[in-house]
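Output the structure for:
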Amino acid sequence: MNMQVAKNSVVTLEYHVTDPDGEVVDEGREPIIYLHGGYDDIFPKIEESLQGKTVGESVQVKLQPDEAFGDYDAELVQVESRKDFPAELQVGMQFEGGPEDGGDEDLIIYRVTEIADGKVVLDGNHPLAGMALVFTCTVAAIRNASAEEIEHGHVHSGGDSCE
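Numbers count the residues shown, from 1 in each chain. Next up, the predicted model:
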């Protein structure tokens, strides 16, 4: 009897992601391993499409921006003075930033998108924000989750317990 993707199973997916025109945005070099069953380990629409699948079965799911990395938010783009940054600054570098009051649960990763005229443009949007994505995946493995994984709501890699 083939095991099926079900609540509290650990699923390994071979995957790749394209935009709606077929341009690859993530070639999925490393498989995704996630805990199935509403733990927010993977986008809900993908999880729904995998329910009941067995090893070797594939699904293709089209995600609208709000089902993937969210809509592009212009308020997450900031322009800062160049002098506030290290000398070796380059486009593509990432910095952590947060609200002025310093609460770190709202930490945002800002990516440098432009450096010009003594100013640095930082974008806190995920690089794939605002994009519809086509997620194609094949179930590579399924196993039952351990009690500890279920309790913690995520997969423990290589049998390590989490800190």
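
Can you name the next helix or strand after the least confident helix or strand in the chain by mean pLDDT?
Across the helices and strands of the chain, mean pLDDT, DSSP states H and E gives its lowest value to strand 94-97, namely a mean of 86. Where DSSP states H and E defines the elements, the next helix or strand beyond strand 94-97 is strand 108-116.

what pairs with that following strand, and is each one parallel or antiparallel?
strand 94-97 (antiparallel), strand 119-123 (antiparallel) (DSSP bridges).

ok, residues contacting the longest one?
With contact meaning Cβ atoms under 8 Å, 6 or more residues apart in numbering, strand 119-123 is reached by 76-82, 84-85, 89, 95, 97, 110-115. Heads up, the C-betas are built off the backbone N, CA and C, glycines and all.

and with 10 Å instead?
72-74, 76-85, 89, 91, 93-95, 97, 108-115, 129 (Cβ atoms under 10 Å, 6 or more residues apart in numbering).

and the gap between the residue lying closest to G118 once chain neighbours are set aside and E96?
Setting aside the residues directly before and after it, G118 is nearest to R82 in space (Cβ to Cβ, 6 or more residues apart in numbering), at 4.7 Å. Computed as Cβ to Cβ, to the nearest Å, the R82 to E96 distance reads 19 Å.

Could you double-check that D21 sits in contact with V134?
Yes - the pair D21 and V134 qualifies as a contact (Cβ atoms under 10 Å) at a distance of 9.4 Å.

between these two, who's got more neighbours?
V134 (17 against 7; other Cβ atoms under 10 Å).

which SSE is the more buried one in?
Applying DSSP H and E, one finds V134 within strand 133-144.

Listing partners with orientation, what would you give for that strand?
With DSSP bridges as the test, strand 133-144 pairs up with strand 9-18 (antiparallel), strand 58-63 (antiparallel).

Any idea how far the shortest one is from the middle of the chain?
Its chain's C-alpha centre lies 16 Å from the corresponding centre of strand 58-63 when counted by Cα atoms, centre = their mean, to the nearest Å.

who touches that strand?
5, 13-15, 17-18, 20, 43-51, 53, 67-69, 128, 131-139.

Check which helices and strands the next helix or strand after that strand sits against.
Remark: after strand 58-63, the chain's next helix or strand is strand 77-81, criterion DSSP H and E. The contact analysis (3 or more Cβ pairs under 10 Å, 6 or more residues apart in numbering; DSSP states H and E) places strand 77-81 against strand 94-97, strand 108-116, strand 119-123.
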